[in-house]
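Q: need a 3D model of the following:
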Amino acid sequence: MQSKLEKEVRFLKIYAIAATLVCAVIMLSAFTFQTKNQKFGEIDVERINVVEKDGKLKMVISNKERQHPGTMDGKTYDERKGQRPAGMIFFSERGDEIGGLVYDGDTGKGQEGSLTFDRFRGDQTIQLFSEEKPDGKYQSGLRMNDQYSPMAEAMAARAAMNKMPTAAERTAAIKEMSDKGMLDHNRLEIGRGYDSSSFIKLKDAQGRARIAISVQPDGNPTINFLDENGKVYYILPENSSTRK
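A: The predicted model follows:
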């Protein structure tokens, strides 16, 4: 007859073997789960981070509350947390934000959507947009911008400017930033305007419209030539208005 000690040793051996087998099954199942593509019919999620094998962030898909605030030169703009629209944000190999697809809107507040691509260490140089006012009027189209200054420098300058005590000082600071090339300027707009016209606006390096082409809803086409102050000095066709 087996002694109590022998029974306990035998039990421990059986337990150890069983535990080993269970662990092996779990590990094999986990490995299989990780190496196979998973298929879902539908999922609810607040945020998805798309990363490289080394963990480097490449894209964020998120709702508004959990949207990424953006990064540039290793700095995360925490002050923008919870303030950016839902959508997708794209990131470069450096970890900088380089564009995104965002959208927002609500009853009585209008809505907007935007697909943008940014310059290296800078802000957007191209934007596909749609903007609707609370009264239902809308415009949509394509914008192309000049963008010279690194975003980190421009944002630091703007933050310092906003702390200035008087409007005159802030206006002078904006002019200085513009003279130094620290402000981005729109150079081209193509789209459908709030007045239901189709338009093309060509602008100079300071963002001032110099040629404005439009076709009104009734089919009337015009080409306006403007000076640096925005005054029209020539119109085509000439019979559409008095020649300036």
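Q: can you pull out the strands in the protein?
A: Secondary structure of the chain by DSSP state E: the strands cover 47-51, 57-62, 71-72, 75-76, 86-91, 97-106, 110-118, 124-132, 138-146, 185-192, 198-203, 209-215, 221-226, 232-236.
Q: take these and write them to a markdown table, including mean pLDDT and distance to residue 41.
A: For glycine as for every other residue, the C-beta is placed from the backbone atoms N, C-alpha and C. Formatted as a markdown table, those follow (pLDDT from 0 to 100; distance: least, CB to CB, whole Å):
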| stretch | mean pLDDT | distance to residue 41 |
| --- | --- | --- |
| strand 47-51 | 95 | 17 |
| strand 57-62 | 96 | 18 |
| strand 71-72 | 88 | 34 |
| strand 75-76 | 86 | 35 |
| strand 86-91 | 96 | 22 |
| strand 97-106 | 93 | 24 |
| strand 110-118 | 95 | 27 |
| strand 124-132 | 95 | 31 |
| strand 138-146 | 95 | 34 |
| strand 185-192 | 95 | 38 |
| strand 198-203 | 97 | 43 |
| strand 209-215 | 97 | 47 |
| strand 221-226 | 97 | 52 |
| strand 232-236 | 95 | 58 |
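Q: could I get the ones you listed as CSV with distance to residue 162 and mean neighbour count?
A: Output for those, formatted as CSV (distance: least, CB to CB, whole Å; neighbours: other CB atoms under 10 Å):
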stretch, distance to residue 162, mean neighbour count
strand 47-51, 30, 12
strand 57-62, 27, 18
strand 71-72, 18, 20
strand 75-76, 18, 14
strand 86-91, 25, 19
strand 97-106, 22, 17
strand 110-118, 22, 18
strand 124-132, 21, 17
strand 138-146, 22, 17
strand 185-192, 20, 16
strand 198-203, 26, 17
strand 209-215, 28, 15
strand 221-226, 31, 16
strand 232-236, 35, 14
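Q: JSON lines for these, including distance to residue 168?
A: As requested, those are arranged in JSON lines below (distance: least, CB to CB, whole Å):
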{"stretch": "strand 47-51", "distance to residue 168": "44"}
{"stretch": "strand 57-62", "distance to residue 168": "41"}
{"stretch": "strand 71-72", "distance to residue 168": "30"}
{"stretch": "strand 75-76", "distance to residue 168": "31"}
{"stretch": "strand 86-91", "distance to residue 168": "37"}
{"stretch": "strand 97-106", "distance to residue 168": "34"}
{"stretch": "strand 110-118", "distance to residue 168": "32"}
{"stretch": "strand 124-132", "distance to residue 168": "30"}
{"stretch": "strand 138-146", "distance to residue 168": "27"}
{"stretch": "strand 185-192", "distance to residue 168": "23"}
{"stretch": "strand 198-203", "distance to residue 168": "27"}
{"stretch": "strand 209-215", "distance to residue 168": "27"}
{"stretch": "strand 221-226", "distance to residue 168": "28"}
{"stretch": "strand 232-236", "distance to residue 168": "31"}
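Q: of all those, which lies closest to residue 152?
A: Taking CB to CB, strand 71-72 is the member of the strands of the chain nearest to residue 152, at 5.0 Å.
Q: give me the distance from that closest one to the chain's centre.
A: Distance, stretch centre to chain centre, for strand 71-72: 12 Å (CA atoms, centre = their mean, to the nearest Å).
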